[in-house]
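*Asks:* Provided below for reference: sequence and predicted model.
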Amino acid sequence: MLAGIYLMNAIVAPLAIFYSWTAANIAGATKRAFSAAIVSGSFSIGNIIGPQTFQARDAPQYRPAKLAIMGTLAGCASVTCTLSAYYTFVNRKRNVVDQTLEEQYMQRDVWQRLTDRENPRFTYVY
């Protein structure tokens, strides 16, 4: 049960990483703002719905709630692995040369309001 409590509360700490990963891997001001809003809204909806899965009729085992939490965490892990594989694939396909962060943001095409799919020199981080 202690491991379950640790797993349930482990999602709060990486939230800052989720926001920074979203901002770093999405280009285009509108697309970036929309993506950050989706992440924030999803986290908020999860915080509203999560406690509702613990029903008094399921006490003391709370099996449906445990299954919901494990399913959600498994889904998050699979999405993370899929995104990592996608980012690796696209970076290799574009054959982007690693650059320092300062050099990357000083290039002219970074500021042309291109999205991450439109900009051929955009590098995904993971």
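*Replies:* Sure thing, it's come through.
*Asks:* Correct me if wrong: R94 contacts R117.
*Replies:* No. Using Cβ atoms under 8 Å as the test, R94 is too far from R117 to be in contact (10.6 Å). Backbone N, C-alpha and C define where each C-beta goes, glycine included.
*Asks:* Could you check which helix or strand contains the residue nearest in space to the middle of the chain?
*Replies:* The residue lying closest to the centre of the chain (Cα atoms, centre = their mean) is F18, at 4.6 Å. Per DSSP states H and E, F18 falls inside helix 15-24.
*Asks:* Who are the packing partners of that helix?
*Replies:* helix 29-49 (3 or more Cβ pairs under 8 Å, 6 or more residues apart in numbering; DSSP states H and E).
*Asks:* what's the helix it packs on packed up against?
*Replies:* Packing contacts for helix 29-49, counted by 3+ Cβ pairs under 8 Å, 6+ apart, involve helix 15-24.
*Asks:* model confidence over the helix it packs on, on average?
*Replies:* Taken as a whole, helix 15-24 has an average pLDDT of 84.
*Asks:* distance between that helix and the chain's centre?
*Replies:* Its chain's C-alpha centre lies 7 Å from the corresponding centre of helix 15-24 when counted by Cα atoms, centre = their mean, to the nearest Å.
*Asks:* Kindly report the same for stretch 32-39.
*Replies:* For stretch 32-39 - counting by Cα atoms, centre = their mean - the centre lies 10 Å from the chain centre.
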